[in-house]
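In: Show me how the following folds:
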Amino acid sequence: MKIALVAQHSTPAEDTRLRGMSRSLASNGHRVTVYARRAGTAQPDTAELEPGVQVEYIGPADKHARSDESALLAQVPAFSGPLSDRWHRQRPDVVHALRWTSGLAALAAARDLRIPVVQSFDSLGVAERRRHVMPCTVGTERIRLEPAIGRTVNAVLAGSSDEKSDLTRLGVPRRSIKVVPCGIDTDEFSPEGPVANRTGRPRLVTVADLADHDGLAMLLQVLSKVPGAELVVAGGPPRAELRGDLAYRRLAKVADSLDVSTRVLFAGHVGRSALPPLLRSADLLVSVSDGDPSGTLAVQAMACGTPVVASAYGGQVDAVVDGTTGILVPPGRPALLAQRIRQLLAHPMLLEGYSVAAADRAKSRYSWDRIAQETLAVYDRAVDLAA
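Out: From the prediction side, this is the model:
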């Protein structure tokens, strides 16, 4: 099968999700081409992203081109025209658009070619507005166009059951929606490997944007009710630059007021290579932020053998098997969250059982090979229906 992945928003070389999915699709014997916008004059017309995966860069070279949603929307005509020309010369069997502006470009380019189009939104505008994601840049065009895209394409891949529910409320036919979560690299994220240095205290880890003040302040409140435990907060600028960061200073004041400063480590930005060792060092990953609707971080922690205590929302509800691989707590319940953490830390054998189950769950359900197989099944059905 000749598969076209449209990623108008993406810098493919830096997009680990795109690379993981395209690599797995190609490893199954399919020809995969990624179409992305050109970002600079030094960029070649084509490049190999992964073995068997080619990237074609489209549009005028502009290293200063903005990538916010209004700018991406304005660039759709300049992207879809050349895309259509390429597909007239070499028609793919199926097109998979990643995010909403890519969907607009793909639908325009495929209009006269009868090519089935599959859509992934990653995150819906209505969900981001509901969660008050900061900074909130969801425009009215996105709110209006995402439902229209969902109703027009041949199939929609929802990242979670929550997203499927949102799509059906927006009028997308339930029969055209398939829940296929984001995959992870289960070789990179596994129980085996380096472990970050730690103290003798029970360790909680959270990974969040420091601008999520309310969520992190609540977590500091939770820490005050879990005696003896330490909390590592990964996120924000590099650690050496934290003192100049307003969000960090506000959270540090909260930690002082709760008398937990000596038990909190603000680690700053943690690069991808350092994330698995940090997750392996934790007794629990605690996630109260709503900035990761796919639940990918929870799955990465589980893959490292780290149980998860998380707010029950988004992809975390699908990923965490409550009472088996971790604990789900209703959002906004700090006292209950603290109680659940204390219970788990007080029972090492229970934690060990959760750890084994978490690693098994992540590897069996969220490996890129499994996700590729489910995605290919949607492609096959879309191709059959369009024939």
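In: Alpha carbons of stretch 293-303, as PDB, please.
Out: Output in PDB follows, covering the C-alpha atoms of stretch 293-303 (Å, rounded to 0.1, in the frame of the first residue of the first chain):
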ATOM      1  CA  PRO A 293      -5.000  14.500  26.600                       C
ATOM      2  CA  SER A 294      -3.500  11.500  24.900                       C
ATOM      3  CA  GLY A 295      -2.200  10.100  28.200                       C
ATOM      4  CA  THR A 296       1.200   9.400  26.500                       C
ATOM      5  CA  LEU A 297       3.200  10.300  29.600                       C
ATOM      6  CA  ALA A 298       1.200   7.900  31.700                       C
ATOM      7  CA  VAL A 299       1.900   5.100  29.200                       C
ATOM      8  CA  GLN A 300       5.600   5.900  29.000                       C
ATOM      9  CA  ALA A 301       5.800   5.700  32.800                       C
ATOM     10  CA  MET A 302       3.900   2.400  32.800                       C
ATOM     11  CA  ALA A 303       6.300   1.100  30.200                       C
END
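In: How far away from the center of its chain is it?
Out: 8 Å (CA atoms, centre = their mean, to the nearest Å).
In: avg pLDDT for it?
Out: Average pLDDT, stretch 293-303: 92.
In: And stretch 29-49, by the same measure?
Out: The pLDDT scores in stretch 29-49 average 88.
In: May I see the buried residues of stretch 205-223?
Out: 205-212, 215-223 (16 or more other CB atoms under 10 Å). C-betas here are computed from N, CA, C, even on glycine.
In: how many neighbours does the closest residue to Ser176 other than its chain neighbours have?
Out: By the measure of CB to CB, 6 or more residues apart in numbering, the closest residue to Ser176 outside its immediate chain neighbours is Ala155, 5.3 Å from it. Neighbourhood size, Ala155 [other CB atoms under 10 Å]: 22.
In: Would you check how far apart Ala155 and Thr101 are?
Out: As judged by CB to CB, to the nearest Å, Ala155 and Thr101 stand 19 Å apart.
In: returning to what we had before: now, the buried residues of stretch 205-223 that are in strands?
Out: Among the buried residues of stretch 205-223, the members found in strands (DSSP state E) are Val205, Thr206, Val207.
In: Wait, Thr199 touches Glu230, no?
Out: Yes. With contact defined as CB atoms under 8 Å, Thr199 reaches Glu230; the gap is 6.4 Å.
In: Pick out whichever of the two has more residues nearby.
Out: When Thr199 and Glu230 are compared for neighbours, Glu230 comes out ahead with 21 against 10, by other CB under 10 Å.
In: Helices of the stretch 51-200 of the chain, residue ranges please.
Out: 69-74, 76-89, 100-110, 125-131, 140-152, 161-169 (DSSP state H, counting those that start in this stretch).
In: Just name the most buried of these.
Out: helix 100-110 (a mean of 26; mean count of other CB atoms under 10 Å).
In: which residues are in contact with that one?
Out: 4, 6-9, 69, 72-73, 75-77, 79-81, 83-84, 87, 95, 97, 117, 119, 121, 125, 142, 145-146, 149, 152-153 (CB atoms under 8 Å, 6 or more residues apart in numbering).
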